[in-house]
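>>> Coordinates only, no sequence provided:
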């Protein structure tokens, strides 16, 4: 791309529109992950206006921009109310779920170390289904991650199994409402009570589902009304329908919430006080979230959630009628996981990843999730994840018709994770990785070799290209060690945003 001294205004917008044309659609409900379409265009318009009014505001310093504090105060008050927190609960708006989760971990680690009077390496204790953000937090904050296997047929963790691992080295217990992979709500009441008895902090990760579950008819208590829950995170840019990125982190007690902050006067510039990990940060997502909450109120959110619940029930019922498929477990949320019905003969089964690839031909984008073997040797099946949103209710019948047709085209086809071709490719990649990259971690190693491996398996990063059929790639990832797959995925994402062509390595 060339950069003349000045580009015409219309040219710039046209170029941006060309870029966006390559994206998955963010409205209309055809993408059942990543996007949360309310089906109400006025919400997007309202959010856009609010964002524009505050796009030059720096949310770093609410003493200079008081609007930041006023909007944040209202959002925290709303969240505290719907998640049943009392006046001893305090909160912060963050840039997203990952930041909320990482701040909860950082807070718990600091308080745990302070109580011990020494700089120990503690543990995060959680089910294996806990969000990857906590893997990242453990890596960043020098903690170990103790992951408890879940039931491979339901995706649910046993409270007794998790409680049995609570010891003096646990700085934080994390439970999910719901977990992302399978949509199950962890047994929070029992786990939080045991954590409180042992003096261990307990965080509820409600990032994906919190702003829907607040109006959902759940079977189990899960929020700040549960005794022993010390913090909770919920994303405003998911079922709060705000633009990316905005989340809220609630902490019980001023001591815990203030431990989240960073402050310093140990430099010759202005005094720095940060409530989040960011310094300078945009006020636009905060303003958009505030505007939507103010506009919808409790009744508006209830109406949207009622639509989600109806669509979720209809889709679940419809999917269970398709021979060869079944829903994993008994999810109590707007998240559904589709797996193969292994009780049927092989010629009647439907592989979920092949189903997702076939569904793409009908205009639907479903999220492939690979299988994995847990620490106890049990295997979690590869599957397809569905996030149901309010707009889905307008397209339920068409979705089920198209998915039924997609299932008919792949029924009886053997699943790729166990195929001989994938197995042989995996062995070749392992050999190439060991020969050229050694046993490097996922953040080190030879980039040209990793890029060549991507090209070899059909991924053209030079044109931001990805294969239309994702099942082979996911099957391959399931058949190679995590450190090999992680290194290749890092190379993939890094290469997609690099200027092309890359210099030839010497």
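Everything's here; your move. Quantities reported herein were computed from a predicted structural model and do not represent experimental measurements.

>>> Where does pLDDT dip in the stretch 351-500 of the chain?
416-426, 428-429, 432-446, 455-468, 500 (pLDDT under 70).

>>> just the helices in it please.
352-360, 396-410, 420-432, 447-456, 471-478, 482-496 (DSSP state H, counting those that start in this stretch).

>>> Just name the most buried of these.
Comparing the helices of the stretch 351-500 of the chain by mean neighbour count (mean count of other C-beta atoms under 10 Å), helix 352-360 ranks first with a mean of 25. For the C-beta atoms, the positions are set from N, CA and C on the backbone; glycine is no exception.

>>> coming back round to it: redo the helices of the stretch 351-500 of the chain as CSV? Include distance to residue 307.
Listed next are the helices of the stretch 351-500 of the chain as CSV, based on distance: least, C-beta to C-beta, whole Å:
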stretch, distance to residue 307
helix 352-360, 22
helix 396-410, 10
helix 420-432, 40
helix 447-456, 41
helix 471-478, 31
helix 482-496, 34
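
>>> how about the ones you listed, which one is nearest residue 378?
Residue 378 sits nearest to helix 471-478 of all these, at 15.1 Å, using C-beta to C-beta.

>>> just checking, what packs against the closest one?
On a contact count with 3 or more C-beta pairs under 8 Å, 6 or more residues apart in numbering; DSSP states H and E, helix 471-478 meets helix 352-360, strand 367-369, helix 420-432, helix 482-496.

>>> rewinding a little: which one of the helices of the stretch 351-500 of the chain lies nearest to residue 246?
Closest among the helices of the stretch 351-500 of the chain, using C-beta to C-beta: helix 482-496, at 23.1 Å.

>>> What is that closest one packed up against?
Packing contacts for helix 482-496, counted by 3+ C-beta pairs under 8 Å, 6+ apart, involve helix 420-432, helix 447-456, helix 471-478.

>>> switch to 6 Å and redo it
Judged by 3 or more C-beta pairs under 6 Å, 6 or more residues apart in numbering; DSSP states H and E, helix 482-496 is in contact with helix 447-456.

>>> Which pLDDT value goes with residue 4?
If you check residue 4, the pLDDT there is 60.

>>> what's the answer for residue 58, then?
So residue 58 comes in at 89 (pLDDT).

>>> That one contacts residue 279, correct?
No - Residue 58 is beyond contact range of residue 279, at 9.2 Å (criterion: C-beta atoms under 6 Å).

>>> higher neighbour count, those two?
The residue with more neighbours, out of residue 58 and residue 279, is residue 58; 15 against 12, by other C-beta atoms under 10 Å.

>>> do you know how far the closest residue to that one other than its chain neighbours is from residue 59?
Nearest residue to residue 58 in three dimensions, chain neighbours excluded: residue 280, at 5.3 Å (C-beta to C-beta, 6 or more residues apart in numbering). As for residue 280, its distance to residue 59 is 8 Å (criterion: C-beta to C-beta, to the nearest Å).

>>> Find the helix or strand that residue 45 is a member of.
helix 41-54 (DSSP states H and E).

>>> Now do that helix: which elements does it pack against?
If you count contacts as 3+ C-beta pairs under 6 Å, 6+ apart, helix 41-54 packs onto helix 284-320.

>>> swap the cut-off to 10 Å and go again
When contacts are defined as 3 or more C-beta pairs under 10 Å, 6 or more residues apart in numbering; DSSP states H and E, helix 41-54 sits against helix 66-82, helix 284-320.

>>> quick check: angle from the first one to helix 41-54?
Between helix 66-82 and helix 41-54, the angle formed by their directions is 140 degrees, by axes from the mean of the first three to the mean of the last three C-alpha atoms, to 10 degrees.

>>> which of the residues in helix 66-82 are buried?
67-68, 71-72, 75-76, 78-80, 82 (16 or more other C-beta atoms under 10 Å).

>>> can you tell me which of those residues lies nearest to residue 45?
Residue 45 has its nearest neighbour among the buried residues of helix 66-82 in residue 71, at 18.5 Å by C-beta to C-beta.

>>> nearest spatial neighbour of that closest one, skipping sequence neighbours?
Here the residue nearest residue 71, using C-beta to C-beta, 6+ apart, is residue 290, at 4.1 Å.

>>> would you turn the helices and strands packed on helix 41-54 into JSON lines with mean pLDDT and distance to residue 234?
As requested, the helices and strands packed on helix 41-54 are arranged in JSON lines below (pLDDT from 0 to 100; distance: least, C-beta to C-beta, whole Å):
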{"stretch": "helix 66-82", "mean pLDDT": "95", "distance to residue 234": "7"}
{"stretch": "helix 284-320", "mean pLDDT": "96", "distance to residue 234": "11"}
